[in-house]
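sequence? don't have it. structure:
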């Protein structure tokens, strides 16, 4: 009898152990699934004026590096529950005075300089491929494109402000000083139509957008520009500029009226600096059976600039060539003062490498040229990231490396920068003061 009781007790203990183990496994699974829904955060920015930030593509992280040393101060990884496709980071961040806003795979996040999630959690939609945009006037919003929608949230609280359905490939929103948001659609997929759409930051809920041909471009309306692919928009001085249709480039005022337009085969983002708009033009090659020698002559990029005041007064397009280089422009154009920087590639000739150049605009000559090395330890070599010009330095990504040089061509960081293992496909972001902050700074400097 005693032996049976002992056996029964042992069996009972074994059952209790098994039940306890199953409970532990279940609890661990539940906790693990819960933790897998949160971004992986490391470090803190500290001072948003002291860093550059970018998305790491298939490394599934957003990174912020110290400008002076290249040391990584802050990174956010996608939640581990995201699939590899859902976790690709293709959205360029935006830095404000105290925060960074960015797409993280299919999530959109806002973190303050201490590394704390401002909204408590990231919001999740389909894959976020459009760059972030943040307004500065209150009530202010943070917006981004995801699939065929544009979403806007209160930038401080993270509360949904409004969303609107456009078509596929939402262009990076542009938030103007008077509160309007312009977010068109690139062609190429979806209905292959390029549009500019106009919203109000005071809209709420789901905005229904009648599609017009325009102008005028009224609030909560889209204006169709044409069939074909398009570029992101550049914006300044109440003027929007972009490539659209098959071979067109144009600038528009905020009511949708054409300031001027021209033919251009480039689909990279232009830039407006002071009174000038800079854009790239790539000759179209229609004969697919040309020789390499013919391709070398034809497949190049010319950077032009156009004075916006002049074309507005003369009502016709005029332009000035800045420089012509080998290869096809593959990044947006960065301009600051007398310097222009951009990346290029030449896939037609089978070259698997990219080049970043900086140009002295006045002298029309190259001051810096860096080509990713074909031989060596680099895993990726393409130029797909718009550089950032900050004072006398340029910060740029090429292939899987991020680096910094002085504009005169000498190194600032180590010569080949820092390796991030995967092709970097977002632009380099840095803090740019809002008009309100610039005005406040001017008042302080003047002693008023």
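Sure thing, it's come through. Quick caveat: nothing in here was measured; it's all calculated off a predicted structure.

What count of nearby residues applies to residue 269?
Using other CB atoms under 10 Å, residue 269 has 25 neighbouring residues. (C-beta placed from N, C-alpha, C; glycine too.)

Quick one: residues contacting it.
Residue 269 is in contact with 231, 232, 233, 234, 242, 332, 333, 386, counting by CB atoms under 8 Å, 6 or more residues apart in numbering.

same question, residue 157
Residues near residue 157 by CB under 8 Å, 6+ apart: residue 119.

so it is in which element?
Assigned by DSSP states H and E, residue 157 belongs to no helix or strand.

what's it sitting at in phi/psi?
Torsion angles at residue 157 (phi, psi; degrees, to the nearest 10) stand at phi -100, psi -20.

from here on, count from 43
Right, with 43 as the first residue, what we last looked at is residue 199.

and the gap between it and residue 160?
Distance from residue 199 to residue 160, counting by CB to CB, to the nearest Å: 8 Å.

Check residue 242 too.
Applying CB to CB to residue 242 and residue 160 gives a distance of 24 Å.

Give me the more crowded residue out of the two.
residue 160 (17 against 14).

Spatially nearest residue to that one, not counting backbone neighbours?
residue 152 (4.3 Å; CB to CB, 6 or more residues apart in numbering).

Phi first, then psi, for that neighbour.
Residue torsions, per degrees, to the nearest 10, at residue 152 are phi -140, psi 120.

Which strand residues bridge it?
Beta bridges link residue 152 to residue 143 when assigned by DSSP bridges.

Keep only those of the contacts of residue 311 that are in strands.
With strands taken from DSSP state E, the overlap with those comprises 276, 284.

what's the farthest-apart pair in the contacts of residue 311?
Farthest apart among those by CB to CB are 284 and 428. That separation is 14.7 Å.

Surely residue 235 touches residue 265?
No: look at residue 235 against residue 265 with CB atoms under 8 Å: they stay out of range, at 10.8 Å.

and the residue nearest to residue 160, what does it touch?
Going by CB under 8 Å, 6+ apart, residue 152 touches 141, 142, 143, 159, 160, 161, 184, 197, 200.

Quick check on the contacts of residue 311: which are buried?
Among the contacts of residue 311, those classed as buried by 16 or more other CB atoms under 10 Å are 273, 274, 275, 276, 284, 374, 375, 428.

Against residue 370, how distant is the fourth one?
To tie it back to what came earlier, the one meant is residue 276. For residue 276 relative to residue 370 (CB to CB), the value is 19 Å.

okay, now residue 310: neighbour count?
Using other CB under 10 Å, the number of residues around residue 310 comes to 22.

what's the answer for residue 52, then?
Residue 52 has 10 nearby residues by other CB under 10 Å.

tell me the SS of it?
helix (DSSP: H, G, I helix; E, B strand; the rest coil).

And it, how far from residue 115?
Here residue 52 is placed at a distance of 57 Å from residue 115 (CB to CB).

Can you list the low-confidence ranges for the stretch 343-490 of the chain?
Low-confidence segments of the stretch 343-490 of the chain (pLDDT under 70): 388-393, 477-490.

Okay, strands next: where are they in it?
362-368, 370-371, 376-378, 381-387, 397-402, 407-413, 430-432, 435-440, 443-448, 460-461, 471-472 (DSSP state E, counting those that start in this stretch).

which residues sit in contact with the residue minimising distance to the centre of the chain?
With distances taken as CA atoms, centre = their mean, residue 134 lies nearest the centre of the chain, 2.8 Å away. By CB under 8 Å, 6+ apart, the contact set of residue 134 is 96, 97, 144, 173, 174, 214, 428, 468, 469, 471.

Hmm, residue 103 and the third one touching each other?
Pointing back at residue 144 there. No: under the criterion of CB under 8 Å, residue 144 is not in contact with residue 103, lying 10.4 Å apart.

Now for the two: what residues contact both?
97, 118, 131.

Just the local confidence number for the first one, please.
What it means is residue 97. Looking at residue 97, its pLDDT is 95.

Can you give me the end-to-end span of stretch 364-384?
Its first and final residues considered, stretch 364-384 spans 13 Å by CA to CA, to the nearest Å.

how about the strands of the stretch 43-192 of the chain, start to end?
82-85, 93-97, 103-108, 114-119, 136-137, 141-146, 149-154, 165-166, 175-176, 183-188, 191-196.

Looking at those strands, which is nearest to residue 343?
strand 93-97 (23.1 Å).

Strand partners (parallel or antiparallel) of that closest one?
If you go by DSSP bridges, strand 93-97 pairs up with strand 103-108 (antiparallel), strand 471-472 (antiparallel).

residues near residue 363, how many?
Neighbour count for residue 363, taken as other CB under 10 Å: 11.
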